[in-house]
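Visitor: task: produce atomic coordinates for the following.
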Amino acid sequence: MRQRITFIQDLENSIDPKLLKIDSTSIKAKGLKAAREDRITFSLSELPQEHYRALNACYELHIRWISPRSYETTSPLLSRLSPGLHVFYTPRRDSNTTVLVCPTLKKLFGEIDCRSSNESFTNLPSERFSLSAASQYYQPLSSLADLVEYLKHKVCKNSQTDCLARVSSLLQASSIDIDFDTISHALTLTAFWEFQTWDLDLTNTTPNERLEVGILAPENAIETEELALGGFLTIVGDDTKPSPTLFSFPSRHHPLSSTFKSTLLLPTGLHPTLQLEITSNTPPMDDRSCSMHAHLTLPRSIFADKYQFRDSLFLASKNLSALHYITSPVDLEAPEYAISQWGSSVLLELAPPSPPTNSKFTTEIPLHLRYLAPRNGTSGLTNLELPYPVVFWACTAVEGSKFPMNPFDRINLGYEGLFGPRTMFYHVSPDAGRKRLVNEIAMPVADLDKSQYVEIGTAAVVAVGFLWVLWCLVGVFRRSGYGRVKNVGEKKWQ
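Guide: Next up is the predicted model:
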């Protein structure tokens with residue numbers, strides 16, 4: 001097992017390396033103000049045996065969980081996704097065990113609505129998603145309580161105090177990534193916590209395990225495509241003092257100071273409109289080609305109609321430019337309970353007003369709701385949650401730029417594969433005033449607790465109608481008797 005723990009500080013909060021207490025097995029420090037990323041890499045032999053068969057059938061598996069709580073990113077950990085559980089999966093060509101993926105996900109994350117990869121996942125077109133897996137799944141998930149309990153039992157064995165504490169801290173994490181591919185035959189778990197104060201106390205008592213701790217701060221990079229970090233690195237168990245470091249690397253994800261708000265126009269009805277209010281219409285670079293986009297992840301109860309986005313006048317009225325991608329196919333008529341796939345994703349290009357004046361603007365995205373299955377205790381309404389979209393500028397890097405994997409790279413996000421390999425993403429952050437990155441919709445639904453009156457009324461109407469028809473037949477029988485009535489009239493001869 002290998003561990004890499006990175007603390008990203010602000011320059012004004014950088015810790016004095018003399019305050020770090022390092023001995024042969026541990027590193028300690030008090031009051032460390034920083035964002036934190038933990039990356040732990042396991043070999044297959046170190047994982048619970050029950051998951052070995054499922055992982056062995058995967059060519060690649062990428063799980064992304066994003067907290068619905070509002071949080072701030074920090075350089076270089078800048079990429080964003082909509083809140084919830086995202087799964088990107090490619091099976092091995094020689095494998096017939098695709099049915100194992102959903103049971104594995106249910107063991108880790110609880111009773112999610114996943115039947116099998118063939119039924120619940122949607123396909124990602126490989127000719128466009130060169131950097132992505134073959135299929136995608138999404139499930140709204142607000143908490144990692146089930147995953148934490150599973151790790152406590154299977155990894156910590158309910159006895160290792162340090163392990164239990166670290167696993168419990170995942171409940172406050174802003175995001176969790178789990179990555180596996182058949183080439184490395186290793187599983188990596190990555191967790192991110194936003195900026196806060198830490199009391200650092202890390203120990204490595206196992207000779208065969210590597211624990212690397214970095215305390216870094218962003219520096220000014222020389223190249224536009226790069227990010228730079230400086231600070232101190234320590235290999236716990238090998239080093240007796242921190243080693244200074246300064247390095248830069250190409251990065252596809254970059255920060256912006258602008259923000260956006262996501263709201264639903266009232267009344268929502270069955271055809272809600274998602275409004276995005278963005279604080280700046282100025283692209284991040286003047287000398288590059290840049291366009292603003294919104295990537296939406298829509299649960300199956302909500303969908304977008306791609307035919308609406310073919311009208312250029314309609315798009316212009318909403319400050320939209322074009323629909324670049326939508327999951328296919330999307331059934332426009334089926335109710336929610338008749339669909340087995342998770343939902344759909346949409347990539348829209350926005351049309352900020354010209355010329356750029358660093359002023360705010362709004363854009364509107366029309367959506368539609370599906371009829372829901374009747375349920376108990378709804379009082380005629382139930383709340384649906386629409387996760388915040390990801391908003392970013394996509395800018396083209398200079399000719400010849402390359403973006404190899406960097407130490408903090410994050411791929412398989414669902415949208416980066418829709419762009420060319422020389423694309424940089426400048427992320428517009430959600431407004432910090434919102435506590436949760438979801439919009440709620442009050443959706444009408446039949447209440448089974450009250451439907452008995454409808455059922456009784458329907459049965460009564462049918463019974464009355466049947467008796468009325470029967471009474472009419474009896475009246476005809478009394479007047480004419482049984483059998484065919486023959487008309488006796490004068491015959492005409494020709």
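
Visitor: show me what the lowest-mean-pLDDT helix or strand in the chain is packed against.
Guide: For the chain, using mean pLDDT, DSSP states H and E, the weakest element among its helices and strands is helix 52-56, scoring a mean of 82. Applying 3 or more CB pairs under 8 Å, 6 or more residues apart in numbering; DSSP states H and E, one finds that helix 52-56 makes contact with helix 101-109. The C-beta positions use only the backbone N, C-alpha and C, and glycine is treated the same way.

Visitor: what's the first helix or strand after the helix it packs on?
Guide: Toward the C-terminus, helix 101-109 is succeeded by helix 117-120 as the next helix or strand (DSSP states H and E).

Visitor: what mean pLDDT does that following helix get?
Guide: Mean pLDDT, computed over helix 117-120, is 91.

Visitor: please save the CA atoms from stretch 444-453 in CSV.
Guide: Listed next in CSV are the C-alpha coordinates belonging to stretch 444-453 (Å, rounded to 0.1, in the frame of the first residue of the first chain):
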residue,chain,number,x,y,z
PRO,A,444,-47.0,16.3,-8.5
VAL,A,445,-47.5,12.6,-7.8
ALA,A,446,-50.4,10.4,-7.0
ASP,A,447,-50.7,9.7,-3.2
LEU,A,448,-51.5,6.0,-2.7
ASP,A,449,-52.9,6.8,0.8
LYS,A,450,-55.7,8.8,-0.8
SER,A,451,-56.0,6.9,-4.0
GLN,A,452,-58.5,4.5,-2.4
TYR,A,453,-61.2,7.1,-2.8
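
Visitor: which residues touch the helix or strand hosting residue 394?
Guide: For residue 394, the host element (DSSP H and E) is strand 390-396. Contact with strand 390-396 is made by 80-82, 256, 260, 276, 278, 283-285, 288-295, 350, 415, 419-420, 422-428, as judged by CB atoms under 8 Å, 6 or more residues apart in numbering.

Visitor: which of those count as buried?
Guide: The neighbour count (16 or more other CB atoms under 10 Å) marks 80-82, 256, 260, 276, 278, 283-285, 290-295, 350, 415, 419, 422-428 as buried among these.

Visitor: which of these fall in strands?
Guide: Residues of the buried ones among the contacts of strand 390-396 located in strands (DSSP state E): 256, 260, 276, 278, 290-295, 350, 423-428.

Visitor: ok so, going back, pull out the buried positions in the strand holding residue 394.
Guide: Quick answer for strand 390-396 (16+ other CB under 10 Å): 390, 391, 392, 393, 394, 395, 396.

Visitor: from those, pick the one nearest residue 188.
Guide: Of all these, residue 188 sits closest to residue 390, with 22.5 Å by CB to CB.

Visitor: okay, and the beta partners of that closest one?
Guide: Taking DSSP bridges as the rule, residue 390 bridges to residue 295.

Visitor: and it, what pLDDT?
Guide: Here, the pLDDT recorded for residue 390 equals 98.

Visitor: for residue 64, see how far away it is.
Guide: 12 Å (CB to CB, to the nearest Å).

Visitor: any weak-confidence spans in the stretch 101-250 of the chain?
Guide: 126-131, 158-159 (pLDDT under 70).

Visitor: quick one: the helices in it?
Guide: Using DSSP state H, counting those that start in this stretch, the helices of the stretch 101-250 of the chain run over 101-109, 117-120, 145-154, 161-168.

Visitor: tell me the buried residues in the shortest one?
Guide: Of the residues in helix 117-120, those buried by neighbour count under the rule 16+ other CB under 10 Å are 117, 120.

Visitor: name the helices or strands packed onto that helix?
Guide: Counting contacts by 3+ CB pairs under 8 Å, 6+ apart, helix 117-120 is packed against helix 101-109, strand 135-139.

Visitor: returning to what we had before: now do the helix or strand that the least confident helix or strand of the chain is followed by and strand 390-396, the angle between them.
Guide: Downstream of helix 52-56, the first helix or strand assigned by DSSP H and E is strand 58-66. Counting by axes from the mean of the first three to the mean of the last three CA atoms, to 10 degrees, strand 58-66 lies at 120 degrees to strand 390-396.

Visitor: who does strand 58-66 pair up with?
Guide: strand 84-91 (antiparallel), strand 175-181 (antiparallel).

Visitor: any idea of the mean pLDDT for that strand?
Guide: Averaging pLDDT along strand 58-66 yields 94.

Visitor: with just CA atoms, put that strand into CSV.
Guide: In CSV, the C-alpha atoms belonging to strand 58-66 read as follows (Å, rounded to 0.1, in the frame of the first residue of the first chain):
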residue,chain,number,x,y,z
CYS,A,58,-13.1,-4.5,-15.6
TYR,A,59,-10.9,-2.9,-18.1
GLU,A,60,-11.3,0.3,-16.2
LEU,A,61,-13.6,1.6,-13.5
HIS,A,62,-13.8,5.2,-12.2
ILE,A,63,-16.1,6.2,-9.4
ARG,A,64,-16.6,9.8,-8.5
TRP,A,65,-18.7,11.0,-5.5
ILE,A,66,-19.2,14.7,-5.1
